[in-house]
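1. Need a 3D model of the following:
(4 chains)
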There are 2 protein chains.
Amino acid sequence: MGAMATSRSGHELPLLLLGAFRALVDDLHLALAERGHPGVRPVHGFALQAVGDGATTSELGRRLGVSKQAAAKTAAALVTLGYLEERASPTDRRTRPLHRTAHGDDCLRASAETFDQLRQRWVDQLGADRVAAIEDDLEAVTRADTRRADAPGWFG
Amino acid sequence: MGAMATSRSGHELPLLLLGAFRALVDDLHLALAERGHPGVRPVHGFALQAVGDGATTSELGRRLGVSKQAAAKTAAALVTLGYLEERASPTDRRTRPLHRTAHGDDCLRASAETFDQLRQRWVDQLGADRVAAIEDDLEAVTRADTRRADAPGWFG
DNA sequence: CCTCTTCGACAAGGTGGTTGTCGAAACCGT
DNA sequence: ACGGTTTCGACAACCACCTTGTCGAAGAGG
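-> Okay, here's the model as predicted:
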């Protein structure tokens, strides 16, 4: 005996996880601001992704795990910011399917590239095997249903 | 070449981190409810910890990174729930220093024990070395100032 | 003593979520 | 073709939580 390192206290784990998450998201929005997307907020990225190709407001709410009213408000903000546009459906006159504009596509592309760059920064610092281990381990200990897209509205 | 496993896309990392965090916090409050603390919410744990011994409302707000009004509301809720009590300061009649009740101490103790048990669950599943690696790696890639106690009010 | 600061409370406002309701439109079984 | 049911999106009301600004009371210091 003697080489047994004292393990950390359990309450550090959630702080470390949240801190790493915050650092990634903060860095993302810093990078997005520099690439011509200054006003975008975390929920917008989720919504932009969830819109897919022509989702309606109600469908967006379902995918985001919020009410259609909340989704409508988010979508309206994204339309105002020029990331989404409402089109008329040729088959259902009740709906106004949402589509990403070129600006929206650019934002999504910039987000993906930035996340890849941030991950690469981790790889440079920790090594590819350690980063892969973190991903595999977190996936293993986390129930699949907690990684859903309804991440935003959490806390509360 | 050939044995190179394709690494994950960068956007998975924040989802995995947040998912793991959510899972831990959800499990904590599940366990707390079973141990006689059903009404406690994430921000309460932070506040209970931050109160220390005799912090005032303003000081609590500073430690939590929120306005003193927000801190006052949280403190009032914890007083109502029986976790905190206001005492009179012998030296400053403006202030009502906050102190944990026995119930508050019990909640904090239960939280610490539960977090240790949840971490042990990770150790059982992944091995002590992998969990320690996650903690060391997350600490390394995260700036210290993002692990502050002002975690609650984030998102937005 | 007078001034500056701090505490805690009040009011007003913003954000972002919820439920409930409603008319219009689509769907579907008969 | 028709009538009942469902779904869409909008409106209103409400709630949770946070913010800034203001204010009187009380302490701190020249």
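2. how about the CA coordinates for stretch A:135-144, as PDB?
-> What follows is stretch A:135-144, C-alpha atoms only, in PDB (Å, rounded to 0.1, in the frame of the first residue of the first chain):
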ATOM      1  CA  GLU A 135     -16.600  10.300 -24.900                       C
ATOM      2  CA  ASP A 136     -17.000   6.600 -24.600                       C
ATOM      3  CA  ASP A 137     -17.100   6.700 -20.800                       C
ATOM      4  CA  LEU A 138     -19.700   9.500 -20.700                       C
ATOM      5  CA  GLU A 139     -21.800   7.700 -23.200                       C
ATOM      6  CA  ALA A 140     -21.600   4.500 -21.100                       C
ATOM      7  CA  VAL A 141     -22.700   6.100 -17.800                       C
ATOM      8  CA  THR A 142     -25.300   8.300 -19.300                       C
ATOM      9  CA  ARG A 143     -28.700   7.000 -20.200                       C
ATOM     10  CA  ALA A 144     -29.400   7.700 -23.800                       C
END
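3. Quick one: distance of that stretch to the chain centre.
-> 17 Å (CA atoms, centre = their mean, to the nearest Å).
4. Stretch A:26-33 too?
-> With CA atoms, centre = their mean, you get 12 Å for stretch A:26-33.
5. And for stretch A:73-80?
-> Worked out by CA atoms, centre = their mean, stretch A:73-80 lies 17 Å from the chain centre.
6. Just the mean pLDDT for it, thanks.
-> For stretch A:73-80, the mean pLDDT works out to 96.
7. buried sites along it?
-> Buried residues in stretch A:73-80, counted by 16 or more other CB atoms under 10 Å in any protein chain shown: A:Thr74, A:Ala75, A:Ala77, A:Leu78, A:Val79. Heads up, the C-betas are built off the backbone N, CA and C, glycines and all.
8. what's the helix or strand for A:Arg121?
-> Applying DSSP states H and E as the criterion places A:Arg121 in helix A:102-126.
9. mean confidence for that helix?
-> For helix A:102-126, the per-residue pLDDT averages 97.
10. What is the burial count for the closest residue to A:Asp27 other than its chain neighbours?
-> The shortest distance from A:Asp27 to any non-neighbouring residue, by CB to CB, 6 or more residues apart in numbering or on different chains, is to A:Leu118 (5.7 Å). Applying other CB atoms under 10 Å in any protein chain shown, we find 21 other residues in the vicinity of A:Leu118.
11. Surely A:Leu118 touches B:Ser9?
-> No: at 11.5 Å, A:Leu118 does not count as touching B:Ser9 under the criterion of CB atoms under 8 Å.
12. if we can go back for a sec, list the helices and strands the helix holding A:Arg121 packs on?
-> helix A:12-34, helix A:42-51, helix A:128-141, helix B:12-34, helix B:128-141 (3 or more CB pairs under 8 Å, 6 or more residues apart in numbering or on different chains; DSSP states H and E).
13. For DNA strand D, which of those helices is the nearest?
-> helix A:42-51 (11.7 Å; CB to the nearest atom of the strand).
14. tell me how far that closest one is from the chain's mean position?
-> 7 Å.
15. hmm, the very next helix or strand once past that helix in reach of DNA strand D?
-> Using DSSP H and E, the helix or strand that follows helix A:42-51 in sequence is helix A:57-64. Yes: applying CB under 7 Å from any atom of the strand, one finds helix A:57-64 in contact with DNA strand D at A:Thr57, A:Ser58, A:Glu59.
16. any bit of the next helix or strand after helix A:57-64 sitting next to chain B?
-> Toward the C-terminus, helix A:57-64 is succeeded by helix A:68-80 as the next helix or strand (DSSP H and E). No: under the criterion of CB under 8 Å from any CB of the partner chain, chain B is not reached by helix A:68-80; the shortest gap measures 13.1 Å.
17. Contact residues of chain A facing DNA strand C?
-> A:41, A:43, A:65-67, A:69-70, A:73-74, A:77, A:91-94, A:152-153.
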